[in-house]
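Asks: structure for the following, please:
(one chain, ligands or ions: 2)
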Amino acid sequence: RRKKLQEVASLPAITADGRRIEISCNIGTPEDIHGAAANGGDGIGLFRTEFLYMNSNSLPSEEEQYEQYRKAAVLLQGKPLIIRTLDIGGDKKLPYLRIPEEMNPFLGWRAIRICLERKDIFKTQLRAILRASTEGNILIMFPMISGVGEVREAKKVLEETKEELRRENIKFDENIRVGIMVEIPSAAMTADIIAKEVDFFSIGTNDLCQYALAVDRMNPKVSSLYQPLHPGILRLIKNVIDASHRYGKFTGMCGEMAGTEEACVILLGLGLDEFSMSAAAIPAIKNLVRSVTIKQAEEIADHALTMDTPEEVLEYSRNILNQIN
Ligand code: PEP
Ligand code: MG
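Replies: Ligands and ions are numbered 1, 2, ... in the order given. Reported below is the predicted structural model:
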């Protein structure tokens with residue numbers, strides 16, 4: 001099976017009836033792109049930029065960041081690179097940025113909430129990303145969006161940053177696309193409102209499951225309740241995908257769920273356009289995508305949506321996988 005999967009890795013991700021699906025990779029540094037390419041990734045669906053901030057004793061400069069984003073864009077040779085802006089806070093602390101002690105850090109001052117308050121940090125990163133955007137196919141993604149207000153605010157800062165660069169005669173991709181991570185239930189439920197303001201969504205199921213199921217993603221005591229195939233999660237995902245398509249936008253997924261075989265066919269049937277995962281997961285997911293038609297996947301997803309419990313969905317999904325593999 002491993003040999004077969006290795007052969008599949010280099011083939012395109014096209015369903016049995018010819019629909020092209022984007023299979024991309026999550027990375028933490030530009031060097032990770034080599035592993036993504038070796039496993040047949042189409043591009044980068046999530047570039048977590050935290051490494052720049054965590055491996056440093058002070059805020060990384062615009063120049064330091066620019067170098068890394070540029071390097072990644074060049075390595076990708078025109079394939080998409082979705083750069084997520086700083087997602088610090090929660091479990092990720094920076095010694096040089098004083099985040100006050102919080103009772104519930106995951107519900108606290110993190111990610112876009114910090115960036116909208118510390119516009120100096122935010123703009124430095126946006127400048128670096130914009131400058132690198134002339135070197136490849138870069139998209140910008142904002143994390144931890146809870147509603148359209150934050151999207152508008154973040155886009156306003158982006159527009160201000162672009163204006164500054166224009167004044168300085170510094171080039172950037174004027175058509176750079178902007179999206180958000182959908183990882184807070186309120187964003188998933190208002191996807192129809194937000195879709196008008198963005199070019200794409202990427203569903204972050206790691207946090208979406210944590211918030212929607214009220215299950216700490218790192219607490220082993222409640223890990224059995226952490227169920228991405230919960231009917232409540234499937235409905236949220238469907239809502240996001242449907243809303244994006246109504247406005248001609250695309251939806252990807254960069255949470256762990258996108259790289260799991262149990263979820264793959266259902267997500268395909270729900271209409272997910274892009275699956276982004278760790279490099280090692282790519283061959284098996286590609287193999288699945290190539291094994292089913294969209295019509296089959298849609299029927300499977302429709303049936304899964306009629307089910308009452310995560311256990312039922314999981315069992316159904318495993319039976320389907322046994323038939324395919
Ligand atoms: C997510 O929340 O699903 C996600 C991809 O982001 P992170 O795991 O970095 O929080
Ligand atoms: Mg997240």
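Asks: gap between the two ends of stretch 224-239?
Replies: End-to-end distance for stretch 224-239: 25 Å, by C-alpha to C-alpha, to the nearest Å.
Asks: next, count neighbours for residue 221.
Replies: Residue 221: 8 surrounding residues under other C-beta atoms under 10 Å. Just so you know, the C-beta spots here come from the backbone N, C-alpha and C atoms, and that holds for glycine as well.
Asks: then the one 5 residues further on?
Replies: Residues contacting residue 226 under the criterion other C-beta under 10 Å number 18.
Asks: that one against residue 218, yeah?
Replies: No: counting by C-beta atoms under 8 Å, no contact exists between residue 226 and residue 218, whose distance comes to 9.8 Å.
Asks: could I get the CA-only coordinates of stretch 140-157 as PDB?
Replies: Taking Å, rounded to 0.1, in the frame of the first residue of the first chain, the C-alpha atoms of stretch 140-157 are listed here in PDB:
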ATOM      1  CA  ILE A 140      -3.000  36.700   3.000                       C
ATOM      2  CA  MET A 141      -5.100  35.000   5.700                       C
ATOM      3  CA  PHE A 142      -6.300  36.400   9.000                       C
ATOM      4  CA  PRO A 143      -6.700  34.000  11.900                       C
ATOM      5  CA  MET A 144      -9.300  34.000  14.800                       C
ATOM      6  CA  ILE A 145     -11.900  36.000  13.000                       C
ATOM      7  CA  SER A 146     -15.200  36.000  14.900                       C
ATOM      8  CA  GLY A 147     -17.300  38.300  12.700                       C
ATOM      9  CA  VAL A 148     -17.300  40.700   9.700                       C
ATOM     10  CA  GLY A 149     -16.300  43.700  11.800                       C
ATOM     11  CA  GLU A 150     -12.800  42.300  12.400                       C
ATOM     12  CA  VAL A 151     -12.500  41.500   8.700                       C
ATOM     13  CA  ARG A 152     -13.300  45.000   7.800                       C
ATOM     14  CA  GLU A 153     -10.900  46.400  10.400                       C
ATOM     15  CA  ALA A 154      -8.100  44.100   9.300                       C
ATOM     16  CA  LYS A 155      -8.700  45.000   5.600                       C
ATOM     17  CA  LYS A 156      -8.500  48.600   6.500                       C
ATOM     18  CA  VAL A 157      -5.100  48.200   8.100                       C
END
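Asks: sounds good, over and out.
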